[in-house]
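> Okay, structure incoming, though there's no sequence with it:
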């Protein structure tokens, strides 16, 4: 099961990260996601991290890079479901999720993307 | 990360199964899901298994039981994203997903639940 599923919802794609990320899995996700953005003509990508207790610099960079790849394919990325402890750690460690918007949950993320598309 | 996230989308809940299921994880999922159905007043549950290469009798029973629990709480369950190989194995092994509807993907699952609510 070394693949993170990408779910299509209208013209958005939803990725739920539940497992420990490592180099190869991150690269597979970026390959799959960029292919799917083109194939499904997606306008936005939602990345749900509600299952993650820890976001370290590796995951942070992976998310930023994925968002940058999506952006050059004309899709916006919203990170949703961040746990309070993760938000605290990100700020305390001085990690920034460059170029990534955040929203409280999937619903608010969808609303954010829809507002920006109007 | 021993918890499968449950995402709310309108009055539906979405569960993406990506990791190997074991007893305790399945029980945690059933606890979480039943609580969330009540708390969020969910009308339907979508269980995505597109990341699963294998569905054995344990997972099959877990899904059936989860659907039965949802049903007594007045929520319908739709299993989505089944891989072709899984469909073949299920039929060849004679496993039935009792009381569970299936749909090709999340979008079709949402449409199925909305049709039934009308």
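Yep, that arrived. Just so it is clear, the structure is predicted and the values come from calculations on it, not from any experiment. Residues are numbered from 1 along each chain as shown, chains lettered A, B, ... in the order given.

> and residue A:71, how many residues sit next to it?
A count of nearby residues for residue A:71, using other C-beta atoms under 10 Å in any protein chain shown, gives 14. For the C-beta atoms, the positions are set from N, CA and C on the backbone; glycine is no exception.

> Can you spell out which helices and strands pack onto the one helix or strand it maps to?
Residue A:71 belongs to helix A:57-72 when assigned by DSSP states H and E. Where contact means 3 or more C-beta pairs under 8 Å, 6 or more residues apart in numbering or on different chains; DSSP states H and E, helix A:57-72 is packed against helix A:23-39, strand A:44-48, strand A:76-80.

> Pull out the buried residues from the longest one.
Applying a neighbour-count criterion of 16 or more other C-beta atoms under 10 Å in any protein chain shown, one finds A:25, A:26, A:29, A:32, A:33, A:34, A:36, A:37 buried in helix A:23-39.

> Tabulate the residues you listed in CSV, adding columns for distance to chain B and pLDDT.
Listed next are those as CSV, based on distance: C-beta to the nearest C-beta, whole Å; pLDDT from 0 to 100:
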residue, distance to chain B, pLDDT
A:25, 11, 90
A:26, 15, 90
A:29, 12, 94
A:32, 11, 95
A:33, 14, 96
A:34, 18, 96
A:36, 12, 96
A:37, 16, 97
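
> ok so, going back, what does the helix holding residue A:71 contact?
Under the criterion C-beta atoms under 8 Å, 6 or more residues apart in numbering or on different chains, residues A:17, A:21, A:26, A:29-30, A:33-34, A:37, A:45, A:47, A:49, A:52, A:55, A:76-77, A:79, A:90, A:93, A:95-100 lie in contact with helix A:57-72.

> In stretch A:72-86, which residues are buried?
Using 16+ other C-beta under 10 Å as the test for burial, stretch A:72-86 gives A:75, A:76, A:77, A:78, A:79, A:80, A:81, A:82, A:86.

> who's in contact with the spatially most central residue of chain A?
By C-alpha atoms, centre = their mean, chain A has its centre lying nearest to residue A:47, at 2.9 Å. Residues near residue A:47 by C-beta under 8 Å, 6+ apart: A:15, A:17, A:63, A:66, A:77, A:78, A:79, A:80.

> What does the pLDDT read for residue A:98?
If you check residue A:98, the pLDDT there is 82.

> need the contact list for it.
Residue A:98 sits in contact with residue A:64, where contact means C-beta under 8 Å, 6+ apart.

> in which helix or strand would I find the residue nearest to residue A:79 when sequence neighbours are not counted?
Using C-beta to C-beta, 6 or more residues apart in numbering or on different chains and skipping residues adjacent in sequence, the residue nearest residue A:79 is residue A:102, 4.7 Å away. For residue A:102, the element it lies in under DSSP H and E is strand A:101-103.

> partners of that strand, with directions?
According to DSSP bridges, strand A:101-103 has the following sheet partners: strand A:76-80 (parallel).

> and the strand it pairs with, average pLDDT?
Mean predicted confidence for strand A:76-80 is 96.

> Can you name the next helix or strand after that strand?
helix A:84-93.

> contacts for that next one?
So helix A:84-93 is in contact with A:49, A:52, A:53, A:54, A:55, A:57, A:60, A:95, A:96, A:97, going by C-beta under 8 Å, 6+ apart.
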